[in-house]
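Q: sequence and predicted structure below; questions after.
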Amino acid sequence: MLKSSFKSSLACQNRTLAYFYSQLEQQKKILQCLQSVLPDVLSVHVRHCLIKDKKLLVYTDSAVWASQLRFYKKIILASVELLSKQAVDTLQIKIMDSYEGASRHPLRKANIPSADTVAIIRTYSLTVSDNQLKQAMLRLSATLERLSSEAKNVF
């Protein structure tokens with residue numbers, strides 16, 4: 001059996017790694033604490049949390065749940081005060097979009113009508129007597145035509 005002359009990077013004493021590990025542990029404890037004081041329906045939507053500059057950042061997965069979390073501001077701050085080593089006086093709720101974390105929902109694409117449909121909209125708009133509606137339909141057909149040509153250039 002060959003003995004390795006190098007230690008694993010985790011086997012070495014490293015203050016930087018230890019600091020980051022302690023930060024992760026603190027975030028994990030705060031997350032568990034928040035999830036325990038919130039109602040079950042709401043707690044599953046709290047994804048991450050951390051303390052930064054006397055501010056508790058709570059990450060959730062949609063604006064609907066963010067607005068619900070704001071109703072629990074006092075309870076959240078009171079529960080975190082017991083765990084944190086620093087004073088926390090502000091709660092900021094952030095929404096994770098598809099760029100910040102893994103998304104469970106696929107990105108939706110617009111359904112752009114065919115060139116024939118766009119032509120029908122344009123032709124019909126010319127027969128409308130209401131000028132405001134006529135202009136709106138002409139702008140709509142122009143926009144749909146532009147989006148249709150852009151979609152063709154992508155593929």
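A: Looks like it came in fine. Numbers count the residues shown, from 1 in each chain.
Q: how near is the spatially most central residue of the chain to L126?
A: By Cα atoms, centre = their mean, the chain has its centre lying nearest to M96, at 1.8 Å. Separation of M96 from L126 (Cβ to Cβ, to the nearest Å): 47 Å. For glycine as for every other residue, the C-beta is placed from the backbone atoms N, C-alpha and C.
Q: likewise for A63?
A: Relative to L126, and taking Cβ to Cβ, A63 is found at 41 Å.
Q: tell me where the model's unsure across this structure.
A: Residue ranges of the chain with pLDDT under 70: 1-13, 97-107, 153-155.
Q: domains for it, by residue range?
A: Using automatic domain parsing, the domains assigned to the chain come out as 15-95, 115-154.
Q: out of the ones you listed, deepest packed?
A: domain 15-95 (a mean of 14; mean count of other Cβ atoms under 10 Å).
Q: wait, doesn't V128 sit right on M137?
A: Yes. V128 is within contact range of M137, at 6.5 Å (criterion: Cβ atoms under 8 Å).
Q: need the residues that contact stretch 39-55.
A: For stretch 39-55, the surrounding residues in contact (Cβ atoms under 8 Å, 6 or more residues apart in numbering) are 23, 26-27, 30-31, 34-36, 38, 56-62, 65, 68-69, 72, 80, 84, 86-92, 96, 101.
Q: now stretch 134-144
A: Residues contacting stretch 134-144 (Cβ under 8 Å, 6+ apart): 112-113, 117-119, 121-122, 124-126, 128.
Q: what about that stretch, distance to the chain center?
A: 33 Å (Cα atoms, centre = their mean, to the nearest Å).
Q: and if you look at stretch 49-68?
A: 11 Å.
Q: how far does that stretch stretch from one end to the other?
A: 16 Å (Cα to Cα, to the nearest Å).
Q: this structure: helices as residue ranges?
A: 15-37, 40-43, 63-70, 73-83, 115-127, 131-154 (DSSP state H).
Q: JSON lines for the ones you listed, including distance to I51?
A: Below are these laid out as JSON lines (distance: least, Cβ to Cβ, whole Å):
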{"stretch": "helix 15-37", "distance to I51": "7"}
{"stretch": "helix 40-43", "distance to I51": "19"}
{"stretch": "helix 63-70", "distance to I51": "16"}
{"stretch": "helix 73-83", "distance to I51": "7"}
{"stretch": "helix 115-127", "distance to I51": "53"}
{"stretch": "helix 131-154", "distance to I51": "43"}
